[in-house]
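[1] Quick one: sequence plus predicted model below, questions after.
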Amino acid sequence: LLVQVIFGTIMEVVSFLLKEDFSVWFGILYAISFSILATVLFDFLLKKVKYKQFIYLGMGVILVTIGLIFHQFTEYHYVSDMTLSNFFKIILGINAYGADYFPLFQLMGFCFIGKFIGEFFYNDRKSLLPKLDKAYNKPFCFVGRHSIIFYLAHQVVLVLILGIIMLS
């Protein structure tokens, strides 16, 4: 969450300097963070439940289905101001806000499904494909271990490139 606050502040400063709206609220980092927090909360609540991975699968399927229903039967209506009624519509995926909007329900559902896959298939934390662990994938592993740095760096670079293009 600290990274999001820093990133959001940087984007607000860029918006102010370039006199364009580059606000990022409910972007991919927010959606992923809230999704991970939800799975951690459920993990804590279901600590002593047997076969809890199937609860994760069920929650994931339900949330993805709800998100897809909202997306299928409603068109995103981008709103320019954040009000309490808009906030709940944004969470549900009926309204969208900001330059980098991602609906929370679908992503939270995918996070629960990922939690199921991790608990069910990788419970022992051993690779199911050990023959693929060769030297050629070390650069991919490096990027994967440092993905937040690469994500934030590419955002800053893109904003700078867009700013230079818009100023010329």
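    Alright, I've got the coordinates. Numbers count the residues shown, from 1 in each chain.

[2] quick one, helices of this protein?
    Listed in chain order, the helices of the chain (DSSP state H) span 2-18, 28-45, 52-73, 84-92, 104-121, 138-145, 147-167.

[3] which of those is buried the deepest?
    helix 104-121 (a mean of 19; mean count of other CB atoms under 10 Å). In short, each C-beta sits where N, CA and C put it, glycine included.

[4] From the contact counts, what lies against that helix?
    helix 28-45, helix 52-73, helix 84-92 (3 or more CB pairs under 8 Å, 6 or more residues apart in numbering; DSSP states H and E).

[5] Let's have the ones you listed in TSV, adding mean pLDDT and distance to R145.
    Compiled in TSV, the helices and strands packed on helix 104-121 are given as follows (pLDDT from 0 to 100; distance: least, CB to CB, whole Å):
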stretch	mean pLDDT	distance to R145
helix 28-45	85	16
helix 52-73	86	24
helix 84-92	76	31
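
[6] for the ones you listed, which one sits closest to A135?
    For A135, the closest of these is helix 28-45, at 29.8 Å, according to CB to CB.

[7] Could you tell me the angle between that closest one and helix 147-167?
    With axes from the mean of the first three to the mean of the last three CA atoms, to 10 degrees applied, the angle from helix 28-45 to helix 147-167 works out at 160 degrees.

[8] So what's the gap between helix 28-45 and the chain middle?
    10 Å (CA atoms, centre = their mean, to the nearest Å).

[9] Next one, pLDDT for the spatially closest residue to I66 that is not a sequence neighbour please.
    Nearest residue to I66, sequence neighbours excluded (CB to CB, 6 or more residues apart in numbering): F105, at 5.3 Å. Listed pLDDT for F105 reads 78.
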